[in-house]
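*Asks:* Structural data only, the sequence is not supplied:
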């Protein structure tokens, strides 16, 4: 009896528990706290936080070869989950505001400035090219794209990059407004934009085809992301496969989010996460986000000037993907200055253009360093 | 800034400058490609928007005004004859058609022609002399029903036996 009890005690994880494990479990609990109490991206931070806890309980070795999370992680490693997430995102996204006002494509492009300037900063901080590219993509504010690129270029940095990307996406309402206020004048923020024209069904169906073919021919490396995004969208807009569209945006999306988030959380093991590099990545991620916002707002200001005050520069900040959070931030900042101003639909244009832009940027980096 | 960069390059051998240049190259290439792709999409969507955009809702066509004048009677007669010829058009074959045609050939045909003439004259009169409309539009059908209802009530009252009020 005592021998058996001793065996169980020796086999328990307490014997192997270190301070690093305790720290990581605390980090996991903190992410869960942010998700449940603060409601910061709960759909992602909750499973990520739980994955952190699961991976840092010693002895269980869920992420070791043969463990449950090891097998689920193969979907991340092989680049399967992020495109499937994009399929769901496409099935949920209305590209109407972008089609109605194609000028906002440019805002989506300008906001990718954060990716490349942070890439440069990471290079100067002695990260390798592929690592710097993976860090820079945080500035795209697009979780699946960041995971897709990092899994291919620098899988050892997946944990910190994913946590940084999703944390900053959750913090968009805190990070962006001061930058937007600093770069714009009151007069610019008060601009009321013209109502968007109605978009025909034919345009909505042609749009995903055009984007897929154009992006696929120019940057084939981005096709698995852009192609899936547009497949999801054409399922939605065609109106003939409602069942598939609903499955893609609901059941399939939820299943993949669970697998992706838990396994990404599980990559943040103490030995890989608690390093000075992680702090550098988190700091650079903030820089990337901020510069992306600056790029979008500055081009918005330029468009304001060129159009004679018809474009509100605040919608430029929505170019950093983070759908639809960034567009909501544009709306709330705009409405603070002019309570009768409704920028949400106008900001959705650059917001969804940012998704395409960040996928293209990921394709460029993959082409250069993959 | 330049001095700082030079100092950094001296400290680290030329790698700092090299990395800076490499980073700038990637930034320039990357931003150019991203802008090129999205500008291309912008132009394509502008063209598609011009080709396939929903046409604005069509303006309701102005109702042709019937002008009062000398030639109106001739036009009116032509309209009426057109109505009559439409009414006299052959009905679908079969028993029902034959019966209907027989019925229309008699008094009902006269009634239809009279109604058409009356409607046309009424429309012309309204167009020529705009009048202030009543608060509740007058409906001859409704008035007819109301009148017959009143007659029915009065007749029914006559037929009822006398009963003093309150019993």
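*Replies:* That came through, no problem. Since this is a predicted model, take the numbers as computed values, not measurements. Numbers count the residues shown, from 1 in each chain, chains lettered A, B, ... in the order given.
*Asks:* going forward, measure contacts between C-alpha atoms and count neighbours the same way
*Replies:* Fine.
*Asks:* Need the three-state assignment for residue A:63.
*Replies:* Classification of residue A:63 by DSSP: H, G, I helix; E, B strand; the rest coil places it in coil.
*Asks:* How about the contacts made by it?
*Replies:* A:55, A:69-70, A:266-267 (Cα atoms under 8 Å, 6 or more residues apart in numbering or on different chains).
*Asks:* Tell me where the model's unsure across the chain.
*Replies:* I went with chain A, as the question did not name one. A:1 (pLDDT under 70).
*Asks:* ah, no, chain B please
*Replies:* Using pLDDT under 70, chain B drops low at B:1-14, B:55-107, B:109, B:121-143, B:157-167.
*Asks:* Point out the residues in it that sit beside chain A.
*Replies:* Within chain B, the positions near chain A by Cα under 8 Å from any Cα of the partner chain are B:16, B:19-20, B:23-24, B:26-27, B:30-31, B:33-35, B:37-39, B:41-46, B:48-49, B:52-54.
*Asks:* just checking, next helix/strand downstream of the lengthiest helix in chain A?
*Replies:* Of all segments of type helix in chain A, defined using DSSP state H, the longest is helix A:276-306. As assigned by DSSP states H and E, the chain's next helix or strand after helix A:276-306 is helix A:325-337.
*Asks:* Show me which residues of that following helix are buried.
*Replies:* Buried residues in helix A:325-337, counted by 16 or more other Cα atoms under 10 Å in any protein chain shown: A:325-335.
*Asks:* ditto for stretch A:197-207
*Replies:* For stretch A:197-207, using 16+ other Cα under 10 Å, the buried residues are A:199-207.
*Asks:* Name the residues of chain A found near chain B, please.
*Replies:* Within chain A, the positions adjacent to chain B are A:99-100, A:102-103, A:105-106, A:109-110, A:112-113, A:116-117, A:119-120, A:123-124, A:198-200, A:202-203, A:207, A:210-211, A:214-215, A:218, A:357, A:360-361, A:364-365 by Cα under 8 Å from any Cα.
*Asks:* out of the residues you listed, which are buried?
*Replies:* In the residues of chain A next to chain B, burial by neighbour count holds for A:99-100, A:102-103, A:105-106, A:109-110, A:112-113, A:116-117, A:119-120, A:123-124, A:199-200, A:202-203, A:207, A:210-211, A:214-215, A:218, A:357, A:360-361, A:364-365, counting by 16+ other Cα under 10 Å.
*Asks:* how about the helices in the stretch 1-150 of chain A?
*Replies:* With DSSP state H, counting those that start in this stretch, the ranges of helices along the stretch 1-150 of chain A come out as A:2-11, A:19-36, A:42-55, A:68-77, A:81-92, A:96-100, A:104-110, A:113-124, A:129-136, A:143-153.
*Asks:* Can you give the domain ranges for chain B?
*Replies:* The record's domain parsing of chain B by automatic domain parsing lists B:2-52, B:77-88+B:104-125.
*Asks:* and the residue of the stretch 151-300 of chain A nearest chain B?
*Replies:* Distances between the stretch 151-300 of chain A and chain B by Cα to the nearest Cα are smallest at residue A:200, namely 5.3 Å.
*Asks:* so who does that residue touch?
*Replies:* Neighbouring residues of residue A:200 by Cα under 8 Å, 6+ apart: B:52-54.
*Asks:* What distance do you get for it to residue B:54?
*Replies:* To residue B:54, residue A:200 is 5 Å away according to Cα to Cα, to the nearest Å.
*Asks:* what do you get for residue A:95?
*Replies:* According to Cα to Cα, residue A:95 stands 16 Å off from residue B:54.
*Asks:* Among these two, which residue is more densely surrounded?
*Replies:* The neighbour comparison of residue A:95 against residue B:54 (other Cα atoms under 10 Å in any protein chain shown) goes to residue A:95, with 20 against 15.
*Asks:* Please verify my assumption that that one contacts residue A:352.
*Replies:* Yes - between residue A:95 and residue A:352 there is a contact under Cα atoms under 8 Å: 6.8 Å.
*Asks:* thinking again about what came up before, can I get the buried residues of helix A:325-337 in CSV including distance to residue A:148?
*Replies:* Shown next, in CSV, are these (distance: Cα to Cα, whole Å):
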residue, distance to residue A:148
A:325, 21
A:326, 21
A:327, 24
A:328, 26
A:329, 26
A:330, 28
A:331, 30
A:332, 31
A:333, 32
A:334, 33
A:335, 36
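*Asks:* give the contact list for residue A:97.
*Replies:* Per Cα under 8 Å, 6+ apart, neighbours of residue A:97: A:196, A:345-346, A:348-349.
*Asks:* what about residue A:313, how many residues close to it?
*Replies:* 30.
*Asks:* Surely it is in contact with residue A:306?
*Replies:* No - the pair residue A:313 / residue A:306 is not scored as a contact, 11.6 Å apart, by Cα under 8 Å.
*Asks:* tilt between the longest helix seen in chain B and helix A:113-124?
*Replies:* Using DSSP H to define each element, chain B has its longest helix at helix B:15-52. Angle, helix B:15-52 to helix A:113-124, by axes from the mean of the first three to the mean of the last three Cα atoms, to 10 degrees: 160 degrees.
*Asks:* Hey, what's the angle from helix B:15-52 to helix A:129-136? Just curious.
*Replies:* Here the directions of helix B:15-52 and helix A:129-136 differ by 50 degrees (the same axes, to 10 degrees).
*Asks:* Can you list the buried residues in helix B:15-52?
*Replies:* Buried positions in helix B:15-52, judged by neighbour count with 16+ other Cα under 10 Å: B:16-17, B:19-20, B:23-24, B:26-27, B:29-31, B:33-35, B:37-42, B:44-46, B:48-49, B:52.
*Asks:* Let me see the backbone angles for residue A:93.
*Replies:* The phi and psi values for residue A:93, taken as degrees, to the nearest 10, are phi -90, psi 140.
*Asks:* residues touching it, list them.
*Replies:* The contact partners of residue A:93, taken as Cα under 8 Å, 6+ apart, are A:233, A:352.
*Asks:* now with 7 Å?
*Replies:* By Cα atoms under 7 Å, 6 or more residues apart in numbering or on different chains, the residues touching residue A:93 are residue A:233.
*Asks:* Look up how far residue A:59 lies from it.
*Replies:* 43 Å.
*Asks:* wait, what's in contact with residue A:123?
*Replies:* Counting by Cα under 7 Å, 6+ apart, residue A:123 touches A:129, A:132, B:19, B:23.
*Asks:* if we go to 8 Å?
*Replies:* Residues counted as contacts of residue A:123 (Cα under 8 Å, 6+ apart) are A:129, A:132, B:19-20, B:23.
*Asks:* Now residue A:285. Nearest residue, chain neighbours left out?
*Replies:* Distances taken as Cα to Cα, 6 or more residues apart in numbering or on different chains put residue A:138 closest to residue A:285, at 5.6 Å, once the chain neighbours are dropped.
*Asks:* Next: residue A:328.
*Replies:* Counting by Cα to Cα, 6+ apart, residue A:328 lies nearest to residue A:344, which is 6.2 Å off, once chain neighbours are set aside.
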